[in-house]
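In: structural data only, the sequence is not supplied:
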C-alpha cells in the first residue's frame, strides 16, 4: 500500500506525460493519429487558442522525433475546450486535441 501512496505523490507533481496507443481497426489501414495537450489556466476567458495550439504542435513534433524519427506527420485539424477541474489552485484545463494524417507508405 505504501507503494501506491508513493505513486500518487509522483502523479500529483507531473507537468506533462506522454501516452500512445494504436486505434487502427485493421493492421492494413492506417488511422488518424490524435495528440492531446493541456495546460492549467485560471479562467476560461482570454485563452489564446492559437498559442495553445502552437505549444501543442511543438510538443507533438518533439514526441514524433522521439518515437518516429524522420517521419513527417501532416497536421489536419484541432478541437479544443476549456474544462473545469474542480481544483481551487488549478480551476481550468485548456485542452487541445490535434489530428494528424498517418504518413504515406513509402
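Out: That came in fine, so what should we check first? Quick caveat: nothing in here was measured; it's all calculated off a predicted structure.
In: list the buried residues for stretch 79-90?
Out: If you call a residue buried by 16 or more other Cβ atoms under 10 Å, then stretch 79-90 has these buried ones: 80, 82. To be clear about C-beta, it is placed using only N, CA and C from the backbone, and glycine gets the same treatment.
In: likewise for stretch 52-62?
Out: For stretch 52-62, by 16+ other Cβ under 10 Å, it's 52-53, 56-57, 60.
In: what sits up against it?
Out: Stretch 52-62 is touched from outside by 16, 35, 37, 39, 73, 75, 78, 80, 94, 96, 98, 100, with contacts defined as Cβ atoms under 8 Å, 6 or more residues apart in numbering.
In: and stretch 78-98, by the same measure?
Out: With Cβ under 8 Å, 6+ apart, stretch 78-98 has contacts from 34-44, 47, 49, 52-53, 56-57, 60, 75, 77, 99.
In: do the same with stretch 36-47
Out: Contacts for stretch 36-47 (Cβ under 8 Å, 6+ apart): 52, 55-56, 59-60, 82, 85, 90-98.
In: in it, what counts as buried?
Out: Here stretch 36-47 shows 37-39, 41, 47 as buried, counting by 16+ other Cβ under 10 Å.
In: for the residues you listed, which one is nearest residue 65?
Out: residue 37 (15.7 Å; Cβ to Cβ).
In: hang on, the closest one in a helix?
Out: No. Counting by DSSP: H, G, I helix; E, B strand; the rest coil, residue 37 falls outside a helix, being strand.
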